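A.B. asks: Make a model of this:
(2 chains)
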Amino acid sequence: MADVIDDDRGQLLLVAGLVIAITFVLLVLVLNTVIYTENLGTRSNDVGGDDAIAYERAAVDHTAALLPYQVEDPAIDAEAEFAAELDRWAGWSREHTLAERDHADVSVEEGNTTGTQIRHTNSSREFTDAGGATDWTLATGVEHTPEFYIRDLPVDTTTELTNVFAVLSAERFRVVITDDAGNEWWLEIYEDEDADGNPIVVAETNSGNRCEIQDSNTTIDLVAGTVDGCAGGIDPFTETVAGTYSIEYENAGNVEGQYGLFVDIDVAREANAESGAYNDPAASDPPESPYTTPAVYYVTIDITYENDRLTYESSVRVSPEGRHE
Amino acid sequence: MLLLFASVLFAMQVTAVTPLSASTANQHIENQQQAVADGLLTQASSEGELKPTLLHWDEGNATFHGTERGFYTNGSPPTWLGEQLDGEFRDRGLAYNLRVTYLDAEGDRSTKRIVHSGEPSDHAVSATRIVTLYDGDVLYDANGDPTGPTLDEVANDGTVRFYAPDLDAANPVYNVVEIEVIAWRM
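C.D. replies: Residues are numbered from 1 along each chain as shown, chains lettered A, B, ... in the order given. Model prediction:
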């Protein structure tokens, strides 16, 4: 018996060594598989939520960059034009998301834009409302006015003034902006005399800032507080009023020219518009002044982002400053 | 005994484990790198710091400022994003590529290198952000100041060139690009 063991010892060792070696290799392979399985579990612990949020951010940033949005031609629907603009961007950005096999889209929620463009383009018409009232309210409950200008005033230094503008304080044309807290800002446009006694037209605010209107090419920008050809300008109304405010005209029969505003509310829903303060731009071509057309200040956009593991949908209200809560 | 030792040695040689071998620990590191890359781009995008890098362009030479081959190979652009990428990746022994994918005149995607450190390994992580370039965006000079011409001016001037074309001349959007960071361990 002892002879047999002695004879077979070498062979036994060889087989045992091989078995151990194979066992080690198999053990490592099994362990590696276990590790890899663990990897698969942890590899994509994110289903792409970051990408969806990043896309939403890019869409909101782009929408805010397009705002405030208005179209000068009253025959063009500003909301539809804005929706088409955003749609083009969605097509371009989709090229990038599709490369990652993700589908993304952004669109304007129909009927959910807010903003009004007010225009008075008939230069030989007084600033009265559509019904002829000289003291009237253009808009109430306004929070943002990205544009407000008065221009093409009948001022010609080579001839005598046309007696459009009032001299007496009580009769002067006045833009009055009053906020809910009672803070008031106003701008008067009236006829005065220069040092030599010649008649001039001036624009003056209640803080005492005063500018001479040089000629009919002069534009008064009430938002920026600038008057063409006047170094100091006037103080912009945004420095005086805060929160929501109303915009009114007084003695609007004592001024002629053009004006334009862009307000962040739907003026058509306001009581004064229902009583006929503005003309319908569709009623005649060119439209009778003053008239309003929809513009986009606030807009609600719908964002969808889909991949094989995630479907993300959201609705975001956007203003020119970005996301509007 | 000798055979036993030889078999162990054989097994170890067959299943060599290197620092780059896949493992749970490596996966966690990759996840962390992914989070760092994502976080960096999110921060840069919310602070408006992506455009200074995308527009750090020398329109006369049609390269990024201070590069010979058109992109950075040793270091990063002297912008906020470049400094952050260097701090988070290069200084910690990680390589990264930064590239921009824009839409060409046919509307197809084309890629331009901004920083190129080589071919990424299999363990590379990547993060992307979409950025909209507008006609009125201004190119940055070599010092990082926005003093150059607008993209619209460059597009209309035949003597200078920007890497991406104007998608629609009548539209305020110039191009919609995707910026991508790819990072990996060397």
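A.B. asks: the helices in chain B, which residues?
C.D. replies: B:2-14, B:24-46, B:51-54, B:80-88, B:151-156 (DSSP state H).
A.B. asks: Which of the three states applies to residue A:297?
C.D. replies: strand (DSSP: H, G, I helix; E, B strand; the rest coil).
A.B. asks: quick one: it and residue A:267, what's the gap?
C.D. replies: Residue A:297 is 12 Å from residue A:267, where distance means Cβ to Cβ, to the nearest Å. Just so you know, the C-beta spots here come from the backbone N, C-alpha and C atoms, and that holds for glycine as well.
A.B. asks: Can you pull the phi/psi pair for residue A:181?
C.D. replies: When read as degrees, to the nearest 10, the backbone of residue A:181 gives phi -80, psi 0.
A.B. asks: Hmm, residue A:244 and it touching each other?
C.D. replies: No. At 9.7 Å, residue A:181 and residue A:244 do not qualify as touching, with contact defined as Cβ atoms under 8 Å.
A.B. asks: Give me the more crowded residue out of these two.
C.D. replies: Here residue A:181 and residue A:244 are compared on neighbour count by other Cβ atoms under 10 Å in any protein chain shown; more neighbours surround residue A:244, at 15 against 11.
A.B. asks: okay but that one is in contact with residue A:179, surely?
C.D. replies: Yes. Using Cβ under 8 Å, residue A:244 is in contact with residue A:179, at 6.7 Å.
A.B. asks: Any figure for the gap between the closest residue to chain B within the stretch 151-300 of chain A and residue A:137?
C.D. replies: Here the residue of the stretch 151-300 of chain A nearest chain B is residue A:296; by Cβ to the nearest Cβ that distance is 14.1 Å. According to Cβ to Cβ, residue A:296 stands 23 Å off from residue A:137.
A.B. asks: List the residues that contact residue A:204.
C.D. replies: Taking Cβ atoms under 8 Å, 6 or more residues apart in numbering or on different chains, we find residue A:204 in contact with A:187-188, A:190, A:210-211, A:234.
A.B. asks: Looking at those, which are in strands?
C.D. replies: Mapping the contacts of residue A:204 onto strands (DSSP state E) picks out A:187-188, A:190, A:210-211.
A.B. asks: What remains of those if I keep only buried residues?
C.D. replies: Judged by neighbour count, with 16 or more other Cβ atoms under 10 Å in any protein chain shown as the criterion, the buried members of the ones in strands among the contacts of residue A:204 are A:187-188, A:190, A:211.
A.B. asks: all strands for the chain, in order.
C.D. replies: Defaulting to chain A. Read by DSSP E, chain A holds these strands, from start to end of the chain: A:103-120, A:136-142, A:147-151, A:173-179, A:184-193, A:199-205, A:210-213, A:219-221, A:226-227, A:245-250, A:258-263, A:291-307, A:310-319, A:322-323.
A.B. asks: I was after chain B.
C.D. replies: For chain B, the strands identified by DSSP E occupy B:57-58, B:63-64, B:94-103, B:109-115, B:125-134, B:173-185, in order along the chain.
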